[in-house]
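Asker: Give me coordinates for this.
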Amino acid sequence: MSSLCASWSSLRESLVSRHQGGRENNQEEFSSTPRQRSATVSEGTKVDDKVPTVFKWEGGGRQVLISGTFSNWKTLPMVKSDTAPSKYLVNHATSCRSHGDFVTIIDLPEGEHQYKFYVDGEWRHDPGVRIVDNGMGSKNNMVTVKNTDFEVFQALAIDSEGSGGNQQKEYSQEVPANKPWEKVSGPPVLPPHLLQVILNKDTPLSCEPTLLPEPNHVMLNHLYALSIKDGVMVLSATHRYRKKYVTTLLYKPI
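Answerer: Have a look, this model is predicted:
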């Protein structure tokens, strides 16, 4: 029995020593190997000098592809859309509205690019835009991309970001000075829906004189004031409770 216990204890010590030795070797192996940086981490922000350009085909068809020098004349799919995205630069279309037209957006570098449409298995060009001879007996379309054409969108984006600043301002009684290039605006125009006042109107003979016609929902919870006559000002407001409307009149002497 004592020999069995001695052999078991020696076996356990050898296993523990092996385990500790393997762990030390693994730690040395991990520590000696430098940690690789992730490929997604970039050293700096790269500025993209390409301009999003909208291409549109208005000649109909069931399937339309586009090919050009920007894709080494490989065909790219176009999407049938009711409205072309107007926030991007349109270089070869005069209007962003399309009805069943085929549209695609391609990021192009600055310069001239030739392209052509592949409509239902047939190569075609758009006769409504710039056309050049490709030297092979057919014609291509050409678009000129300039970074200056896209600066207006960048300026609008910067202006929208700057307008929402967190500058702390205080209320005061001082009227701000008008700048010479700013147009002085008057009071806002009253919406036409609020002009349909149900008071002081002639009621038809078939109507109950103590009842008013059903008001429009935009007239609810608005305070109306009548012109002061004989030193009395008349105020009115209409409220709704479920399906009933109540109009309250207030006569105040001035």
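Asker: Spit out the contact partners of Ile71.
Answerer: Heads up, residue 71 is Ser, not Ile. Each residue near Ser71 by C-beta atoms under 8 Å, 6 or more residues apart in numbering is listed here: Ile106. Every residue, glycine included, has its C-beta placed from N, CA and C.
Asker: for Phe55, same thing?
Answerer: Phe55 sits next to Ile66, Met78, His92, Ala93, Val103, Thr104, Ile105, Ile106, Tyr115, Val143 when contact means C-beta under 8 Å, 6+ apart.
Asker: Tell me, what's the model's pLDDT at it?
Answerer: Looking at Phe55, its pLDDT reads 91.
Asker: can you confirm it is in a strand?
Answerer: Yes: counting by DSSP: H, G, I helix; E, B strand; the rest coil, Phe55 is located in a strand.
Asker: Tell me the spacing between it and Ser67.
Answerer: Noted for Phe55: a distance of 11 Å to Ser67, by C-beta to C-beta, to the nearest Å.
Asker: just Asp133 next, same as before
Answerer: Using C-beta to C-beta, one gets 17 Å for the distance from Asp133 to Ser67.
Asker: okay, those two: which has more neighbours?
Answerer: Ser67 (18 against 9; other C-beta atoms under 10 Å).
Asker: OK, contacts around that one?
Answerer: Trp73, Lys74, Thr75, Leu76, Tyr115, Lys116, Phe117, Tyr118.
Asker: what bridges to it?
Answerer: For Ser67, the beta-bridge partners are Lys116 (DSSP bridges).
Asker: Report pLDDT for it.
Answerer: Ser67 is given a pLDDT of 94.
Asker: Then Asn216?
Answerer: So, for Asn216, pLDDT stands at 81.
Asker: and what of Glu112?
Answerer: In this prediction, Glu112 carries a pLDDT score of 92.
Asker: Same question for Ile198.
Answerer: Note for Ile198: predicted pLDDT of 71.
Asker: Renumber starting at 18 from here on
Answerer: Sounds good: first residue 18 from here, last item Ile215.
Asker: count of neighbours near it?
Answerer: 17.
Asker: right, and the secondary structure at it would be what?
Answerer: The three-state label given to Ile215 by three-state DSSP is coil.
Asker: ok, now how distant is it from Arg79?
Answerer: Using C-beta to C-beta, we find Ile215 at a distance of 56 Å from Arg79.
Asker: Please apply the same query to Trp140.
Answerer: For Trp140, the distance to Arg79 equals 16 Å [C-beta to C-beta].
Asker: Just read off the phi/psi values of Pro208.
Answerer: phi -60, psi 140 (degrees, to the nearest 10).
Asker: quick one: low-confidence ranges for the stretch 18-167 of the chain?
Answerer: 18-65, 99-117, 166-167 (pLDDT under 70).
Asker: Indicate each strand paired with the helix or strand that contains Tyr268 and its parallel or antiparallel sense.
Answerer: Tyr268 is part of strand 261-270, with elements assigned from DSSP states H and E. When sheet partners are counted by DSSP bridges, strand 261-270 sits next to strand 249-258 (antiparallel).
Asker: which parts of the strand it pairs with are buried?
Answerer: Neighbour counts over strand 249-258 (16 or more other C-beta atoms under 10 Å) mark Val251, Ser253, Thr255 as buried.
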